[in-house]
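> Provided below for reference: sequence and predicted model.
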Amino acid sequence: MSQNKIKSIKKLAEEDIKKIAAGELILSPSSVIKELIENSIDAKSSKIQIITKDKGMKTIKIIDNGIGIPQQNLETICTRFTTNKISKIEDLSHLQSLGFRGEALASISCISHIEIISKTKNQNCAYKASFKNGKIIQPQKETSPPKPIPCAGNDGTQVKMEDLFYNFKSRKNHAIKNLNFNYRIVLSLIAKFSIFYSHISFTLRKEGKKIPELKTNGNSSTFSNITNLYGKDLSNNLIHIHKNFQIESKPVQINAYISKGDTPKVISKNSKIKISTFTLFINNRLILSSSLKHSIEKIYSNLFHSNIHPYSFLSLVLPTEWIDVNICPSKSEIHFLYQKEIHSKIQNFIQEILFQNNSVIPNQFTH
Ligand code: ADP
Ligand code: MG
């Protein structure tokens with residue numbers, strides 16, 4: 001019998017540790033875009049432009065008009081666990097921002113090349129810096145320690161990511177194999193954000209192309225963005241739900257658009273966007289919940305006695321102290337108190353309103 005030699009236990013190289021951690025958060029171009037859009041939203045931007053090359057594998061550039069990154073913070077902005085959104089763990093119980101882990105820029109800088117140009121209102125000019133493996137690097141061959149360099153720029157931040165997974169072969173091969181699928185996820189992700197954040201103007205454009213793939217004007221409403229992006233065949237058949245109720249004397253709000261029946265298969269011949277049949281935001285955060293999606297589908301299949309794919313766009317506002325957002329690095333799953341009760345309330349409201357089925361559609365979600 002052959003005896004397996006036990007390998008010695010060693011700490012991994014610092015670079016590999018960083019790459020493994022980054023790999024948990026950044027799976028494809030859409031993960032980069034989600035993290036960068038969330039940063040622009042946290043920075044109170046009213047305009048967010050996304051430009052891609054090679055479907056986000058070669059370049060992703062996000063330009064916002066938010067508060068900017070102060071010059072003195074730029075140098076260390078890609079250091080892991082560096083954030084200005086919380087200062088201690090207790091802050092998580094009253095979190096107002098989408099980010100808090102201080103991981104996204106650090107992770108992205110470990111699996112791609114990043115350049116950031118940023119200007120706050122109080123600065124006379126913008127500052128630019130490039131990063132690798134979480135650290136600022138020198139743009140030219142200079143001997144002095146690297147520093148952000150002054151440059152021209154508008155108020156706000158521009159993050160340019162290039163060569164995604166250049167140093168992560170298996171992830172790159174997988175992303176290239178699924179290039180079109182991943183790009184459809186990018187489109188549907190930006191559509192979901194622009195529908196919910198209807199007061200922000202979003203533009204998605206391919207580098208070198210004038211006509212955007214997706215554009216919203218920023219002074220719109222949730223309902224009109226659903227119409228613009230997903231078409232009238234869907235929006236003409238939506239029902240609005242707006243309910244406030246209490247659990248344990250604490251306020252809960254549900255705001256939703258649901259379809260009267262099946263989701264239309266095609267928006268228009270020219271549209272590249274596919275309708276995402278289920279979208280859930282909890283306290284302004286895009287959340288995955290296959291259990292709620294299935295229970296909503298079940299209501300329709302019971303009602304219509306057939307397997308149909310309803311459309312639902314839901315926004316829940318819960319007391320922040322009920323929510324634990326620190327479940328996974330991407331923060332796309334959360335735990336919250338009274339989940340069962342809240343899910344069953346949503347199901348009851350949907351069931352009830354589908355029976356009535358004659359609602360007036362108002363224009364705006366309240367954020
Ligand atoms: P987090 O969002 O969890 O704080 P990130 O790594 O995504 O971590 O960003 C680190 C920090 O960089 C943020 O806390 C914020 O202060 C700053 N930052 C990132 N992107 C922007 C942006 N677009 N505008 C202004 N500040 C930004
Ligand atoms: Mg962030």
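All right, it came through fine. These figures come from a predicted structure and were not determined experimentally. Ligands and ions are numbered 1, 2, ... in the order given.

> which stretches of this structure form helices?
With DSSP state H as the criterion, the chain has helices at 14-25, 29-42, 71-74, 104-111, 169-177, 179-196, 222-230, 232-235, 290-304, 339-356.

> in the stretch 251-367 of the chain, what residue lies closest to ligand 1?
residue 331 (8.8 Å; Cβ to the nearest ligand atom). (Glycine included, C-beta is placed from N, CA and C.)

> for that residue, which non-adjacent residue is spatially closest?
residue 325 (5.4 Å; Cβ to Cβ, 6 or more residues apart in numbering).

> residue 323 too?
Closest to residue 323 by Cβ to Cβ, 6+ apart is residue 336, at 4.7 Å.

> that neighbour contacts residue 320, doesn't it?
No. Between residue 336 and residue 320 there is no contact under Cβ atoms under 8 Å: 9.9 Å.

> higher neighbour count, those two?
residue 336 (18 against 14; other Cβ atoms under 10 Å).

> that one: what's it in contact with?
Listed by Cβ atoms under 8 Å, 6 or more residues apart in numbering, the contact partners of residue 336 are 282, 318, 322, 323, 324, 342.

> up against ligand 1, what does this structure have?
Residues of the chain lying near ligand 1 by Cβ under 6 Å from any ligand atom: 35, 39-40, 43, 64, 66-69, 77, 82-85, 99-106, 157.

> could you flag which of the residues you listed are buried?
Neighbour-count burial (16 or more other Cβ atoms under 10 Å) applied to the residues of the chain next to ligand 1 gives 35, 39-40, 43, 64, 66-69, 77, 83, 99-106, 157.

> give me the below-cutoff pLDDT ranges for the protein.
1-3, 140-143, 268-270, 358-367 (pLDDT under 70).

> in it, which residue sits nearest ligand 2?
Distances between the chain and ligand 2 by Cβ to the ion are smallest at residue 99, namely 3.0 Å.

> okay, now the residue nearest to residue 199 when sequence neighbours are not counted: neighbour count?
Spatial nearest neighbour of residue 199, excluding adjacent residues (Cβ to Cβ, 6+ apart): residue 218 at 6.4 Å. Residue 218 has 18 neighbours, counted by other Cβ under 10 Å.

> ok, the nearest residue to residue 220 once chain neighbours are set aside - how many residues close by?
Nearest residue to residue 220, sequence neighbours excluded (Cβ to Cβ, 6+ apart): residue 198, at 4.9 Å. Residue 198 has 25 neighbours, counted by other Cβ under 10 Å.

> residue 198 touches residue 227, doesn't it?
No. Applying Cβ under 8 Å, one finds residue 198 not in contact with residue 227, separated by 11.2 Å.

> ok, now which ones touch the residue nearest to residue 297 when sequence neighbours are not counted?
In this structure, residue 297 finds its nearest non-sequential neighbour in residue 310, 6.4 Å apart by Cβ to Cβ, 6+ apart. Residue 310 sits next to 258, 259, 261, 262, 263, 277, 296, 297, 300 when contact means Cβ under 8 Å, 6+ apart.
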